[in-house]
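[1] This is a predicted model, with the sequence first.
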Amino acid sequence: MGRKRTIDRGALMNAIEAVARREGLDGLSIDAVAKEAGISKSSVLYDCGSKSALLAEFTRHQLEAHGKGCEAARARYAGQPNASFRAMIDEFRTAPTDEEMSVAMLICAGVGKDANCREVMRGKIAEETRRVIGEATDKREVLRALLSLHGLAFLEYFGFYHFDETVRNELLDDLLAIAEKDRPASDET
């Protein structure tokens, strides 16, 4: 039985990001990522298999990293109505950094270029939407609020508009008020 080859996942994701930033997605290749990571091409092929799989893994890795912040916030709201939506609101209290915006642009480029990346993104957004709507009592109202939150996030992450902190927090407070007032009739006293 052969020895299983494993690559440090964080190092591989850093290498993908470095190559994509330097060369663009057209310059992203198994060879370039292997050189950047200081590992053999066969090791990258063993773990990812193709350029498309590299992009999909990078997208999944970034979404998982963002999701960990939401999981921690969701734990703080455990047992309260709309815990998942409240957690998402918390995650957008801070404006995205230039680094986060740059990663968002890489992911967007990957999603536009590659069906596997689109599927990863589609699955993540569908999962979040189902979770948020599943917890809501007034599903339509919470869905509208969720769409507003996504709109705010997309405007800022893609650099189309930057809200100052006061305005961002007022908007998020409005969305939080919707999440807080949305509760089963049996909870109202």
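    It's in. Every value quoted in this text rests on a predicted model; they were computed, and no experiment measured them. Numbers count the residues shown, from 1 in each chain.

[2] ok, now how distant is the most centrally placed residue in the chain from Met13?
    Note on the chain: the residue nearest the mean C-alpha position is Leu63, at 3.3 Å, using Cα atoms, centre = their mean. Leu63 sits 12 Å away from Met13, going by Cβ to Cβ, to the nearest Å. The way it works is simple: take the backbone N, C-alpha and C, and place the C-beta from them, glycine included.

[3] cool, Glu100 as well?
    From Glu100 to Met13 the distance is 15 Å (Cβ to Cβ).

[4] In terms of neighbours, single out the busier of those two.
    Taking other Cβ atoms under 10 Å, Glu100 and Met13 do not tie; Met13 has more neighbours (20 against 15).

[5] That one reaches Thr59, doesn't it?
    No: contact criterion Cβ atoms under 8 Å: Met13 and Thr59 do not qualify, at 10.3 Å.

[6] Would you point out the helix or strand in this structure whose mean pLDDT is lowest?
    Least confident helix or strand of the chain, by mean pLDDT, DSSP states H and E, is helix 41-47 with a mean of 86.

[7] which parts of that helix are buried?
    Ser43, Val44, Asp47 (16 or more other Cβ atoms under 10 Å).

[8] Distance from that helix to the middle of the chain?
    26 Å (Cα atoms, centre = their mean, to the nearest Å).

[9] which other helices and strands contact it?
    helix 30-37 (3 or more Cβ pairs under 8 Å, 6 or more residues apart in numbering; DSSP states H and E).

[10] and the helix it packs on, which residues are buried?
    Ile30, Ala32, Val33, Ala34, Glu36, Ala37.

[11] what about the last one, distance to Leu106?
    By that I understand Ala37. 17 Å.

[12] Same check on the fifth one?
    When distance is defined by Cβ to Cβ, Glu36 is 14 Å away from Leu106.

[13] give me the element Leu152 is part of.
    Counting by DSSP states H and E, the element that carries Leu152 is helix 139-157.

[14] Averaged pLDDT, that helix. What do you get?
    The pLDDT scores in helix 139-157 average 97.

[15] Need the contact partners of that helix.
    In this structure, residues lying in contact with helix 139-157 by Cβ atoms under 8 Å, 6 or more residues apart in numbering are 82, 85, 88-89, 92, 95-96, 100-101, 104, 129, 132-133, 136, 160-163, 168, 171-172, 175, 178-179, 182.
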